[in-house]
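S.K.: give the three-dimensional model of this entry:
(chains A, B, C and D)
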There are 4 protein chains.
Amino acid sequence: MTFSLIANPDKYSVEEPIRQVLEWCRAEGVSVFVSETLAGHYPEMSDHKSVNILEEEQKCVDSCDVVIAIGGDGTILHTAQLVRKKQTPVLGINTGKLGFMANIQPENIEYCLRQVIDENYSLDSRTFLKAELPGGKRYDALNEFLFTKKDTSSMITLHADYDGVFINNYWADGLIVSTPTGSTAYNLSAGGPIIMPNTPVMVLTPINPHTLTTRPLVLPSGKPLRIRSLNSSEHTLFTYDGMSHQVESDLNVTISQSEYSIHLIQLPGQNYFETLRNKLMWGLDRRKS
Amino acid sequence: MTFSLIANPDKYSVEEPIRQVLEWCRAEGVSVFVSETLAGHYPEMSDHKSVNILEEEQKCVDSCDVVIAIGGDGTILHTAQLVRKKQTPVLGINTGKLGFMANIQPENIEYCLRQVIDENYSLDSRTFLKAELPGGKRYDALNEFLFTKKDTSSMITLHADYDGVFINNYWADGLIVSTPTGSTAYNLSAGGPIIMPNTPVMVLTPINPHTLTTRPLVLPSGKPLRIRSLNSSEHTLFTYDGMSHQVESDLNVTISQSEYSIHLIQLPGQNYFETLRNKLMWGLDRRKS
Amino acid sequence: MTFSLIANPDKYSVEEPIRQVLEWCRAEGVSVFVSETLAGHYPEMSDHKSVNILEEEQKCVDSCDVVIAIGGDGTILHTAQLVRKKQTPVLGINTGKLGFMANIQPENIEYCLRQVIDENYSLDSRTFLKAELPGGKRYDALNEFLFTKKDTSSMITLHADYDGVFINNYWADGLIVSTPTGSTAYNLSAGGPIIMPNTPVMVLTPINPHTLTTRPLVLPSGKPLRIRSLNSSEHTLFTYDGMSHQVESDLNVTISQSEYSIHLIQLPGQNYFETLRNKLMWGLDRRKS
Amino acid sequence: MTFSLIANPDKYSVEEPIRQVLEWCRAEGVSVFVSETLAGHYPEMSDHKSVNILEEEQKCVDSCDVVIAIGGDGTILHTAQLVRKKQTPVLGINTGKLGFMANIQPENIEYCLRQVIDENYSLDSRTFLKAELPGGKRYDALNEFLFTKKDTSSMITLHADYDGVFINNYWADGLIVSTPTGSTAYNLSAGGPIIMPNTPVMVLTPINPHTLTTRPLVLPSGKPLRIRSLNSSEHTLFTYDGMSHQVESDLNVTISQSEYSIHLIQLPGQNYFETLRNKLMWGLDRRKS
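M.R.: Got it, this is the predicted structure:
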């Protein structure tokens, strides 16, 4: 079995977990692929018996059996773009606060790697949404697509239709089109509902809408949702999982279920609702007295 | 073709629409089944050539080809309980403000009945959720199941699990388990999302929860959601589509997709989003200036 | 200096804090008034050198220099009704989770009593709202007045006017009229804003209103807000700080600033925003990663 | 009596109302001051007997007895900056949808001008908040101060303290500090409460905060609220009533009650709650059926 290691060396305290993983792999004789960029931050890697340095992260991911992603949910989103076509299993090790997807705590690294090697895990597959633009551009998002006003602009108007039927012209700071996985991210801050992973839906959540009766709308993800900006391109931003698409002309995006997914390694005893309760502190209410 | 007529004679101005429907049926030679109770409110019905008076509403509905429901969404909920097993098509004529389901306006009655006779319509099938209680009791709801505190009680605690996995203990005024159809009813007032009809989900919405981070949760309706009251039975109410179940002992309800549905007649040109925009006045914003 | 002790012996673990307070008082030679009811739960009190048992809680409170309230915010609300006319300072010792008003932790009891004896404290005065009913009945609330539907009733309609000018007919599960102090209690669960104590306002918050654009409304408390139920009395509940008023005829309540207040003892270093951050866990976000 | 006329010739259908006002003034012999810019759009003004063209809008406003503002609430905000020191009464004529402040409908212009001349009106005085920056810069806002993230930035962190006491570090898209007058504008879209005009408070409303328990906070406006951005200046925008302040270094703004106000002319029969019901369509609920 071979691993590859994905981490953002600029963020979190990834150093110690990386060291732990490599240590464990050396002891167990497991090969680990590491990108040149990451290896550049940790000179000792080049001498490490288990480490194979490859030029690109993409190559690492394409060559291994299991990806070890060290960081937070942001690192998982980054990894998702790399693995989505090959669907290699991903183990997320969280180095900051508990993540929704990166939910292995550093103190359990050795135990968890052992489970992985022993194939004692299930896969929690999270599907993407895809966005198609005129001219053939395509993006896949694991969390959300985001249409927002630029800078000093006042609200923008976004036209939405679903399966060819007009929904509404939203006058708002923007619109979120979120996957179930992304429902606990920005969608939640904007007042959207929590959606259980792998429910075959997407949610269209207006951001600070002027019309108070426009509310989050849950739609089956099997049919296309089209969002068009009725403002000029310089007033609208379009992002997918936090990455920007350069809006050059009129924005016209068709969103539907992607054929891609990311397979998160879920160890025995882990479950979605427990993560939810922990992250949202449902059990910790101090107002109750 | 035969019709049956369902209306609440105590409510709305149903008299004139009833008269119109019967008039049209006489002219067209269409038979209409009417319950004794309804006929009792309109003595002229007994002399009406087209009218067949049957003892029970249920018999009327079971004997006809199409049900004409006159009233508001409340009348459709009532009709839904009658037709759910036989799935006879239902035409909803609204006599008050526009309904989400009763969306034929009285002024269009004759045109619409003509479309029905000519079978120039599609069916908008809305599925129920079912609730099963220990002891074999079962209820079906088209809109929602509701668990609420009684009267002067302070908040209640409701335990929820999904497919056997613990979700949360909600400390709140209550919980709504809503269908997509019911998402625009009480669920919306309590902060839940709008869900497109026939999306295979249910939404669990806490009512005024003490813990501010517990939010509406969308779940696939294919697996069982179980709600148990952790308070004594005298402090908890359980209702389905507004009707009460007498809670006698500890409340323990398992909710999942029902095999039943109601088939609403949808005339050419009608669509869900238009009804939504009209009912929620999305296009009428007077704050924009 | 004399104290009186108010506690709910049925709730929380009040026993140990009571013992600690009495112990400290014995050592310091401070007299403590205790009601017969409370003393009845703790037989050893009758032998206690510092303890003076009086018939009624009201007499205890009227006879002492400082009230020691042991319990949670519910105990403070109860104490508030007892002290509101005489305005004796109140020290709130919390025995459960941290309270907004009962914010002394049991482990600091001795230190805090010392500060009280040394008069090393400031007073955080919280004003009441008063409600006046036809026929001369009057209630004072430190947290909120509540108008809600009864039991199985559907929504109720409540007519509100302010200083004689019509505001709105609310169609909802109910209405909250909250003080700034009560703004972090039920008002917060119903979507109302947090209001800094002693801001001269009240907030009118609809509970699950049918009309989605009716929102919490902040009004100066100097002028009268009148709430009338447009439903029959058997469908409406009226409560003040959780206590019920028996609604016998049409409900018609005029609410405005009360002349009463409760003086909470605030020790050096305590402040409102810190309590807020702690109780609402603003600093503990586990979703950030 | 002399008027001055403020309008945005690029917006709304201001032309016809302008014509009507000038016509009426000619007939009544009332002088009207008009800025060169506005007159430049309407060449016929220079021949108009009643019209006095002055170089600047400020001069017009400083020279007249009453300002006639034609447009929407945006035009009132613009006018507010011009009149705030001299406090000349302002009549707002709405040319689009009904405004909260510009609430005279064009069809009533002649009647309303007559009431103004006859001094048959009351003044609805709306106070400003002021913002003071290091280095002596000062801004006044009638609606709100806004601190937001720039463009593609992720959330920003804003430090808030009140009267020198730390409130919270908000991690959000931004913060609104709104006056009561501004409470029905952007604040309402972001989930803030409605506040009756002239209540001596401000409301601090986080925009899409990451921490779900941070809620709008109402504070007395008599003491200073200080907002500091913990991000570098290039990531933060600061605006007052929609106008931008160029953030050059660390943003550090102290906000409190301004000594300025705008005096809106209120004709007999007008009142705030009626405007509220109309603008927010409280009476028009189509979901009720």
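S.K.: so which strand or helix has residue A:239?
M.R.: strand A:236-240 (DSSP states H and E).
S.K.: find the centremost residue of chain A, please.
M.R.: residue A:77 (3.1 Å; Cα atoms, centre = their mean).
S.K.: can you classify that one as helix, strand or coil?
M.R.: Of the three states, residue A:77 takes helix under DSSP: H, G, I helix; E, B strand; the rest coil.
S.K.: surely it meets residue A:242?
M.R.: Yes - using Cβ atoms under 8 Å, residue A:77 is in contact with residue A:242, at 6.8 Å. Glycine gets a C-beta too; all of them are placed from N, C-alpha and C.
S.K.: any shared contact partners between these two?
M.R.: residue A:143 (Cβ atoms under 8 Å, 6 or more residues apart in numbering or on different chains).
S.K.: buried residues, stretch A:198-205. List them.
M.R.: A:198, A:199, A:201, A:202, A:203, A:204, A:205 (16 or more other Cβ atoms under 10 Å in any protein chain shown).
S.K.: for chain C, state which of those is nearest.
M.R.: Closest approach between the buried residues of stretch A:198-205 and chain C, by Cβ to the nearest Cβ: residue A:205, at 15.4 Å.
S.K.: and that closest one, what's its pLDDT?
M.R.: At residue A:205, the model reports a pLDDT of 98.
S.K.: number of residues surrounding the residue of the stretch 51-200 of chain A found nearest chain D?
M.R.: Proximity to chain D, evaluated over the stretch 51-200 of chain A using Cβ to the nearest Cβ, is greatest for residue A:189 at 4.3 Å. Number of residues near residue A:189 (other Cβ atoms under 10 Å in any protein chain shown) recorded here: 23.
S.K.: now swap in residue A:85 and tell me
M.R.: 13.
S.K.: same question for the one 4 residues further on.
M.R.: Other residues near residue A:89 number 20, with proximity taken as other Cβ under 10 Å.
S.K.: ditto for residue A:13
M.R.: 12.
S.K.: repeat for residue A:162
M.R.: Residues near residue A:162, counting by other Cβ under 10 Å: 20.
S.K.: next, find the distance separating the closest residue to it other than its chain neighbours from chain D.
M.R.: Closest residue to residue A:162 apart from its sequence neighbours, by Cβ to Cβ, 6 or more residues apart in numbering or on different chains: residue A:225 at 5.1 Å. Distance check for residue A:225 against chain D: by Cβ to the nearest Cβ, to the nearest Å, it reads 21 Å.
S.K.: and for residue A:259?
M.R.: 28 Å.
S.K.: related to what we said a few turns ago, quick one, what contacts the residue nearest to the centre of chain A?
M.R.: Here residue A:77 is in contact with A:142, A:143, A:241, A:242 (Cβ under 8 Å, 6+ apart).
S.K.: okay, who's weakest in the residues you listed by pLDDT?
M.R.: For the contacts of residue A:77, the pLDDT minimum is residue A:242, 92.
S.K.: that one touches residue A:75, doesn't it?
M.R.: No - if you go by Cβ under 8 Å, residue A:242 and residue A:75 don't touch, sitting 11.9 Å apart.
S.K.: the two: which has the busier surroundings?
M.R.: Under the criterion of other Cβ under 10 Å, the comparison of residue A:242 against residue A:75 puts residue A:75 first, with 27 against 16.
S.K.: make sure residue A:13 is indeed in a helix.
M.R.: No - read with three-state DSSP, residue A:13 is coil and lies in no helix.
S.K.: which ones are touching it?
M.R.: Neighbouring residues of residue A:13 by Cβ under 8 Å, 6+ apart: residue A:95.
S.K.: any idea of the pLDDT on it?
M.R.: At residue A:13, pLDDT is 78.
S.K.: so which residues on the stretch 51-200 of chain A come close to chain C?
M.R.: A:72, A:73, A:74, A:94, A:96, A:97, A:98, A:99, A:100, A:102, A:184, A:188 (Cβ under 8 Å from any Cβ of the partner chain).
S.K.: tell me the SS of the fifth one?
M.R.: When the structure is split into helix, strand and coil by three-state DSSP, residue A:96 lands in coil.
S.K.: what about residue A:175, helix or strand, and which?
M.R.: Here residue A:175 is assigned to strand A:174-178, by DSSP H and E.
S.K.: any part of that strand near chain B?
M.R.: No - using Cβ under 8 Å from any Cβ, we find that strand A:174-178 stays clear of chain B, coming within 11.1 Å at best.
S.K.: helices or strands up against the helix or strand just after that strand?
M.R.: Going down the chain from strand A:174-178, the next helix or strand is helix A:186-189, by DSSP H and E. When contacts are defined as 3 or more Cβ pairs under 8 Å, 6 or more residues apart in numbering or on different chains; DSSP states H and E, helix A:186-189 sits against strand A:144-149, strand A:174-178.
S.K.: contacts for helix A:186-189?
M.R.: A:143-144, A:146, A:176, A:178, A:193-194, A:203, A:205, A:216, B:215, C:287, D:172-173, D:208-210, D:212.
S.K.: low-confidence ranges, chain A, go.
M.R.: Low-confidence segments of chain A (pLDDT under 70): A:12, A:152-153, A:284-289.
S.K.: nothing else from me, thank you.
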